[in-house]
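K.L.:
Dropping the sequence and predicted coords here.
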2 protein chains.
Amino acid sequence: MSDLPSGEIGYLLARAGGRAIRNLNRALEPFGLRSRHYTVLAASAAHGGLSQRELGGVLGVDPSAVVALVDDLERAGLVRREPHPDDRRTRLVAVTEQGATTLAEARELAGQVDTELLDALTVAERQTLEKLLRRIAAS
Amino acid sequence: MSDLPSGEIGYLLARAGGRAIRNLNRALEPFGLRSRHYTVLAASAAHGGLSQRELGGVLGVDPSAVVALVDDLERAGLVRREPHPDDRRTRLVAVTEQGATTLAEARELAGQVDTELLDALTVAERQTLEKLLRRIAAS
DNA sequence: TATTGTTATACTCTATAACTATA
DNA sequence: TATAGTTATAGAGTATAACAATA
């Protein structure tokens, strides 16, 4: 039926996912950011003051990688590292005003990139896809 | 509703795809192969004698990477590089008997890995997912 | 001139181990 | 003892440019 190997869905997921992040990376180039910066920025804004460890957990990114990503974002003035009130080891990542502005613009682009990627699907199908992917992610 | 950034479907695709290939890599470890070797082997078997350039095209892998993957597979005795009858530049990748045997075993594992990954979905939902992913891939 | 395979190279991503300061 | 952040490092994946042989 197909010329793809067994384990086909995994293969299709990997290819589509790869395309998605490449497209997003290209779209974010004007900001000097890559897709992982965007996810860190977005998660920080959504949760409001996560520790770096928590960020890594939420995003599935290794803590050592989070350090570098937050370094970049902080250097760009998009986030600040703030002390944790009770634990002097942990540092909370807070989005700056500039970070919020940039995030809004980047979010717009990310939405467009997704729309392009899913061009072949109807809106209902995109919702179905998202629902199925969330179920996989949760398992 | 969710704490994931816009561009969410792309993000979900990338995460699920990453999990899929990591799982497959782990499953293929006993063979000394990684997921990309598996896809090259499977595509070579399915099409029967593709050139390396064609393999790269079908799989979305850079030609220079195909060289290294075929090197590995050839060293392991799973494929042979054969001359193209009409064009002395191109080399056709043929699966050996041992390669076919290994492929069958690996395909079994790949199927199991997919099944595990999609554990949370019904069979009908998996088919829906596959159909949607193929539509994306084709676009 | 263009194309196939190849080599070299560089950059990103991922993962691990080890260190520090705190808990 | 254990945990958060950090640094260093190594391996895999991805991408580009350049070259030789051939078309």
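P.N.:
Noted; the coordinates are in hand.

K.L.:
which residue sits closest to the one residue sitting closest to the centre of chain A in space, ignoring its chain neighbours?
P.N.:
Relative to the mean C-alpha position of chain A, the nearest C-alpha, by Cα atoms, centre = their mean, is the one of residue A:39, at 2.5 Å. For residue A:39, the nearest residue in space outside its immediate sequence neighbours is residue A:59; the separation is 5.4 Å by Cβ to Cβ, 6 or more residues apart in numbering or on different chains. Using the backbone N, CA and C atoms, a C-beta is placed for each residue, glycine as well.

K.L.:
re the thing from before, which positions in the host helix or strand of the residue nearest to the centre of chain A come out as buried?
P.N.:
In the assignment (DSSP states H and E), residue A:39 maps to helix A:35-47. By neighbour count on 16 or more other Cβ atoms under 10 Å in any protein chain shown, the buried set for helix A:35-47 is A:35, A:36, A:37, A:38, A:39, A:40, A:41, A:42, A:43, A:44, A:45.

K.L.:
Same question for stretch A:14-21: list its buried residues.
P.N.:
In stretch A:14-21, counting by 16+ other Cβ under 10 Å, buried: A:14, A:15, A:16, A:17, A:18, A:19, A:20, A:21.

K.L.:
Is the helix or strand harbouring the fifth one positioned near chain B?
P.N.:
Counting by DSSP H and E, the element that carries residue A:18 is helix A:8-28. Yes: for a cut-off given as Cβ under 8 Å from any Cβ of the partner chain, helix A:8-28 has contacts with chain B, namely A:8-18, A:20-21, A:23-24.

K.L.:
ok, of these, which one's closest to residue B:117?
P.N.:
Relative to residue B:117, the closest of the residues of helix A:8-28 next to chain B is residue A:10; by Cβ to Cβ it sits at 6.1 Å.

K.L.:
who's in contact with the closest one?
P.N.:
Taking Cβ atoms under 8 Å, 6 or more residues apart in numbering or on different chains as the contact definition, residue A:10 lies against B:17, B:20, B:21, B:23, B:24, B:110, B:113, B:114, B:117.

K.L.:
Same question for residue A:91.
P.N.:
Listed by Cβ under 8 Å, 6+ apart, the contact partners of residue A:91 are A:51, A:52, A:81, A:82, A:83, A:84.

K.L.:
any idea of the mean pLDDT in the helix holding residue A:39?
P.N.:
Model confidence over helix A:35-47, given as mean pLDDT, is 97.

K.L.:
immediately after that helix, which helix or strand?
P.N.:
Following helix A:35-47 in sequence order, the next helix or strand is strand A:50-51 (DSSP H and E).

K.L.:
Note down every partner strand of that following strand and its orientation.
P.N.:
Sheet neighbours of strand A:50-51, with direction, are listed as strand A:91-95 (antiparallel) (DSSP bridges).

K.L.:
Show me what counts as buried in the strand it pairs with.
P.N.:
Along strand A:91-95, these residues count as buried under the neighbour rule (16+ other Cβ under 10 Å): A:91, A:92, A:93, A:95.

K.L.:
Would you pull up how far it lies from the middle of the chain?
P.N.:
Offset of strand A:91-95 from its chain centre (Cα atoms, centre = their mean, to the nearest Å): 16 Å.

K.L.:
neighbours around residue A:79, how many?
P.N.:
Using other Cβ atoms under 10 Å in any protein chain shown as the criterion, residue A:79 is surrounded by 26 other residues.

K.L.:
no wait, residue A:32
P.N.:
By the criterion of other Cβ under 10 Å, residue A:32 has 11 neighbours.

K.L.:
picking that back up, any idea which of the contacts of residue A:10 is closest to DNA strand D?
P.N.:
Taking Cβ to the nearest atom of the strand as the measure, residue B:21 is the one of the contacts of residue A:10 closest to DNA strand D, at 6.6 Å.
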